[in-house]
Structure formats: structure tokens, C-alpha cells
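Participant: next input, structure requested:
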Amino acid sequence: SYGDGTINSNRSDDTKHTSVAGSEETLQNSENRIPLQVRTPKPLTPCPNSWESMAVYEQHIRMAQEYQEVQSEIAYLLNRKEELTVELELEQKEQQTSLRLMQEHSKLLEDHSSLLTVCQDLRSKLSLTQSQNQPYS
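Facilitator: Now for the predicted structure:
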């Protein structure tokens, strides 16, 4: 905020905000890299006799309201992003599980087919062996 003499950056890679006086404020949670909340001082009341002062004051009020709306929207969108990330991770896990089950099912079908073939071969051999072992009538 220019009114309190600090310079703030909204760059996501910043971890410190420096004021004009040179002091540094470090983010409490650098993992999230959320910009520090600016303490907006109560604006000075405008000079009622100056139209410029009144215009600046009204502009300041509109900008402060817009800033609050943008901050609220950012907070909402960050929350929604987190919800969607969780949903995406769950969906990816479900897809992996589904893929694994489909592969397992395919493998079992192959095994079943192979076992059926072995079973038919064994029955044929058994039948052949039984016919060879029977005395000729």
C-alpha cells in the first residue's frame, strides 16, 4: 500500500516484503507463499472544500472495496483449487485401481482359457488311454 509507505509485491516467488524504511517482514508460511496481508490504515477524511480531495477520497474508497473483493475472490479460488486437486488425486487413484483390476481380469481370463485348453488335452489323453486299455471286444 502506498498510503502506509510499504511496497508489496504479488510475485509468487517473493518470500519477503520490504518497506521504504528498509525493514523486512518474512512470510510465516513460505511453503504457500501467500502475500502478507496489508493493514490498511483508516483513510484520512477528505477536505470538504476541495473537490480534488473528495475525488481522491472516493477513489480510495472504491479501490479499497475492489481490493477486498479481489482478496476474497483469491481466497475462494485458492480454496476451490485445493478441493479440485483433492478430487483429481482421488480420481487418479480410482483410475489406477480400475486399470489394475482390468489388467487382473484380463490375466485371469487368459489363465482360464489356458486351463480350459489343458483340461481338454488331458481329457483327450485320458480318453485315448482308456480306449487303449480296454480289451478288444
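Participant: where do the helices of the chain begin and end?
Facilitator: Listed in chain order, the helices of the chain (DSSP state H) span 51-133.
Participant: and stretch 101-115, average pLDDT?
Facilitator: Averaged over stretch 101-115, pLDDT sits at 98.
Participant: report the buried residues of that stretch.
Facilitator: For stretch 101-115, a neighbour-count test (16 or more other Cβ atoms under 10 Å) marks nothing as buried. For glycine as for every other residue, the C-beta is placed from the backbone atoms N, C-alpha and C.
Participant: let's number from 23 now, not from 1
Facilitator: Shifting the count to begin at 23 puts that one at stretch 123-137.
Participant: can you list contacts of that stretch?
Facilitator: Residues outside stretch 123-137 that contact it (Cβ atoms under 8 Å, 6 or more residues apart in numbering): none.
Participant: convert it to PDB, retaining C-alpha atoms only.
Facilitator: The C-alpha coordinates for stretch 123-137 follow below in PDB (Å, rounded to 0.1, in the frame of the first residue of the first chain):
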ATOM      1  CA  LEU A 123      -8.500 -54.600 -11.900                       C
ATOM      2  CA  MET A 124      -9.000 -54.600 -15.600                       C
ATOM      3  CA  GLN A 125      -5.400 -56.000 -16.100                       C
ATOM      4  CA  GLU A 126      -6.000 -58.600 -13.400                       C
ATOM      5  CA  HIS A 127      -9.300 -59.600 -15.000                       C
ATOM      6  CA  SER A 128      -7.600 -59.900 -18.400                       C
ATOM      7  CA  LYS A 129      -4.900 -62.100 -16.900                       C
ATOM      8  CA  LEU A 130      -7.500 -64.300 -15.200                       C
ATOM      9  CA  LEU A 131      -9.400 -64.700 -18.500                       C
ATOM     10  CA  GLU A 132      -6.100 -65.800 -20.200                       C
ATOM     11  CA  ASP A 133      -5.400 -68.200 -17.300                       C
ATOM     12  CA  HIS A 134      -8.900 -69.600 -17.600                       C
ATOM     13  CA  SER A 135      -8.600 -70.100 -21.300                       C
ATOM     14  CA  SER A 136      -5.200 -71.800 -20.800                       C
ATOM     15  CA  LEU A 137      -6.600 -74.000 -18.200                       C
END
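Participant: sounds good, over and out.
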